[in-house]
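>>> Just need the structure, nothing else, for what follows:
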Amino acid sequence: MAAPTTTGVSIAARLDRMPMTRMHWFAVGVIGLGLFFDAYENFLAGTISAVLSKQFHLGGTELKWLLASAFIGQFLGALVMGRFADRVGRRRAFMINLALYSAFSLIGAFSPNPMFLVVTRFFAGVGIGAEYALADSYLSDLLPKAVRGKYISLAYVVSFLGVPVVGFLARWMTPLHAHVAGHAVDGWRLLFVFGALGSLAVWFVRRGLPESPRWLEAHGRFDEAGAIVDRLEAQAVAAGHRLAEPDAALRPVSFESISILDLFRPPYARRTVMLWVLSALEVFGYYGFGTVAPLVLVAKGYTVQASLLFVALSYIGYPLGAALSLPIVERIERKYLVIGSAGLMAVFGVWFGFAASATQIVVAGFLYTCASNLFSNAYHVYLADSYPTAIRGTAAGAAYSLSKIVTALLPFVLLPLLDSHGGGMVFAVVAVAMVLLMLNVAVLGHRSTGQSADAI
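Prediction:
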C-alpha cells in the first residue's frame, strides 16, 4: 500500500507526525556507532595518560599538551564543520569528519615521539570535533518531535559503550607487547588502531544515510526532501501505522545566512548566552573526570594498572547513565534534567576526590559517571532543540567548539591543582563549576520538551 502524499504542508509537519520507521532506526544506530568512536577518542588519552607518561618520560608541560591536543583540534573542527554542515549538508560533513579522524588516529598509532603524537591527535580531533554537533543536528532534523529526545538519547547509549570499552581495553592491552611482522608493538598503540579501523567501518555504513529532509527544504530542494519523506511515510504505512494529520501551523523553513555574532541578537541572544555558558562549564564535570581520574588515583598511591582497573569499573556508569535517561528524557523537562543531574555530579565528584578506599573510589566513580551521562543526554538534546533547522549546525557547532577549547585548557587548570592540593581540591573546583552551571540554566534556560524542533 502506498503512502499518502501531502501537498502544501511543510516537511517539518510531515516528519513530526511520523512513527519510528526502519530508516529512523538505521539513522539512530549508525550515528550511535559514529559517536561510539567519538567517546572512545575523547577518553583515550586521559585513560592511558599515566602509561604514556612512562613510555615517553613526559614532563608536566608535555603531558598537558598531549591531553589538550585532540581537544584543540576538536575546537577547530566543531567551529568549521558545524557551519559547513549548514552550507553543504549534514551527510557530506559527516563523511568528511569521520574520514579525517580514521586517517590520523591510524597514523598516530605509529608515533615515534610525543610531538608526533600531539600533532596526529590534533588532526584526528579536527576530524571528530563536529561529530556531536552534526549528530545532534541530524537526528533533531529527522526524528519525530514526540520521541526526539528518547531516540537521540538511545544513540548516546550506544556511543557511551565506547567509554568502558576504552577503559577495559586500556587495562588489558597497555601491559602487552604484540608482535606484528616480527616487530614488538606496544599495546597502547593498538588502542589507536582499533579506533581508526572501527570508525572507518562506520564510514562505509554511513554512506547509506539520507540527507536531512529539513535541511533540503530549508535550501529550496523541495523535490529531494519530499522524496525522502515519501520513503519514510511508505515505510510507516507498510508497517501498519496510520499517519496522523500534519500540523498545518508548521510552515516550511528557509535558509538564513547567519554569522556567529547574529546568535547574540534577538531572538537568539538569551539562549545563546545560556548555552555558551552551559557548554563552557559542563566540561569541568564531564571531561574533567576522564582527564584527571587516572592521575588522581596514581597520586593517591595506586599503581598505574590498579588505577586503570578502578577507572574502567567506574566507566561502566557511562552507558548505564545514558540508558537511565531513556524513560525520563521525554517526561521531565530537559531544563530541569540538566540542573538535577549537574547537582548529582557535584556531590559524587567531591566524594570521589576525597575517597580513601578502593571500594569508595569505584562506587563514587560509578555514580559520578551515571550522573554525568544522564546529564550529557539531556544536554545534547537540549542544545539541538534550541535553534531552527537552517542554523542548527552553525549554532550547535559554535557551542561545542567553546566546550572543546575549554576542555583543552582543563589539563593546564586541573593538573597544577592536583599536584599542589590533591584530588579533593580538583573535584571541589568541578563542584563549583556545576553549581554555576545550575544557576545559569535555572535563570536563563527555556523549555523544550515535546515541542517541534522548528517551533521552539
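
>>> Where do the strands of the stretch 151-300 of the chain begin and end?
Using DSSP state E, counting those that start in this stretch, the strands of the stretch 151-300 of the chain run over 177-180, 183-186.

>>> Can you flag the weakest of those strands by average pLDDT?
Mean pLDDT per stretch puts strand 177-180 lowest among the strands of the stretch 151-300 of the chain, at a mean of 56.

>>> Pull the residues that contact the one helix or strand A103 maps to.
In the assignment (DSSP states H and E), A103 maps to helix 90-108. The set of residues external to helix 90-108 that reach it, using Cβ atoms under 8 Å, 6 or more residues apart in numbering, is 34, 37, 41, 77, 81, 84-85, 116-117, 120-121, 123-124, 126-131, 134, 137-138, 141, 192-193, 195-197, 199-200, 202-203, 206-207, 209-212, 215, 393. Glycine gets a C-beta too; all of them are placed from N, C-alpha and C.

>>> where are the low-confidence patches of the stretch 301-450 of the chain?
449-450 (pLDDT under 70).

>>> show me where it has helices.
Counting by DSSP state H, counting those that start in this stretch, the stretch 301-450 of the chain has helices at residues 304-315, 317-325, 334-354, 358-385, 389-421, 423-444.

>>> Can you say which of those is nearest to Y268?
helix 389-421 (7.4 Å; Cβ to Cβ).

>>> distance between the closest one and the chain's centre?
12 Å (Cα atoms, centre = their mean, to the nearest Å).

>>> Next, the buried residues of that helix.
389-408, 410-411, 413-415, 417-418 (16 or more other Cβ atoms under 10 Å).

>>> Likewise for stretch 76-95?
Those buried within stretch 76-95 under the rule 16+ other Cβ under 10 Å are 76-86, 89-91, 93-94.

>>> quick one: contacts for the closest residue to R270 other than its chain neighbours?
Of all residues beyond its chain neighbours, the one nearest R270 is L444 (5.9 Å), with distances taken as Cβ to Cβ, 6 or more residues apart in numbering. Neighbouring residues of L444 by Cβ under 8 Å, 6+ apart: 270-271, 273-274, 277.

>>> From N97, how far off is the nearest residue to L326 once chain neighbours are set aside?
Nearest non-adjacent residue to L326, counting by Cβ to Cβ, 6+ apart: S153, 5.4 Å away. Applying Cβ to Cβ, to the nearest Å, the value for S153 to N97 is 22 Å.

>>> follow-up on the earlier one: would you mind writing the CA trace of the helix holding A103 as CSV?
Provided in CSV are the C-alpha atoms of helix 90-108 (Å, rounded to 0.1, in the frame of the first residue of the first chain):
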residue,chain,number,x,y,z
ARG,A,90,24.7,17.2,7.2
ARG,A,91,25.6,14.0,5.4
ARG,A,92,28.6,15.3,3.5
ALA,A,93,30.0,16.9,6.6
PHE,A,94,29.5,13.5,8.4
MET,A,95,31.6,11.7,5.8
ILE,A,96,34.5,14.2,5.8
ASN,A,97,34.9,14.4,9.6
LEU,A,98,34.9,10.7,10.2
ALA,A,99,37.4,10.1,7.4
LEU,A,100,39.8,12.6,8.9
TYR,A,101,39.6,11.0,12.3
SER,A,102,40.2,7.5,10.9
ALA,A,103,43.3,8.5,9.0
PHE,A,104,45.0,10.5,11.7
SER,A,105,44.2,8.1,14.5
LEU,A,106,45.8,5.3,12.5
ILE,A,107,48.9,7.5,11.8
GLY,A,108,49.1,8.3,15.5
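
>>> quick one: it to chain centroid distance?
15 Å.

>>> Show me what the helix or strand just after it is packed up against.
Using DSSP H and E, the helix or strand that follows helix 90-108 in sequence is helix 114-128. Counting contacts by 3 or more Cβ pairs under 8 Å, 6 or more residues apart in numbering; DSSP states H and E, helix 114-128 is packed against helix 22-47, helix 49-56, helix 60-88, helix 90-108.

>>> Nearest approach to A299 belongs to which of those helices?
Per Cβ to Cβ, nearest to A299 of those: helix 49-56, 10.0 Å.

>>> List the buried residues in the closest one.
49-53, 55-56.

>>> List just the nearest of the residues you listed to S372.
Closest to S372, out of all of the buried residues of helix 49-56 and judged by Cβ to Cβ, is S49, at 18.8 Å.

>>> what separates the closest one from R242, distance-wise?
55 Å.

>>> number of nearby residues for M425?
A count of neighbours around M425, defined by other Cβ atoms under 10 Å, yields 15.

>>> Touching, A13 and E245? I think so.
No: look at A13 against E245 with Cβ atoms under 8 Å: they stay out of range, at 9.1 Å.

>>> between these two, which one's more packed in?
A13 (19 against 9).

>>> list the contacts for the closest residue to S386 other than its chain neighbours?
In space, and not counting its chain neighbours, S386 is closest to R271: 5.3 Å by Cβ to Cβ, 6+ apart. By Cβ under 8 Å, 6+ apart, the contact set of R271 is 386-387, 444, 446.

>>> okay, these in CSV with distance to P19 next?
Listed next are these as CSV, based on distance: Cβ to Cβ, whole Å:
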residue, distance to P19
S386, 25
Y387, 25
L444, 35
H446, 28
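
>>> Just list the residues touching the closest residue to L275 other than its chain neighbours, thanks.
Spatial nearest neighbour of L275, chain neighbours left out: A399 (5.0 Å); criterion: Cβ to Cβ, 6+ apart. Listed by Cβ under 8 Å, 6+ apart, the contact set of A399 reads 133, 275-276, 278-279, 383.
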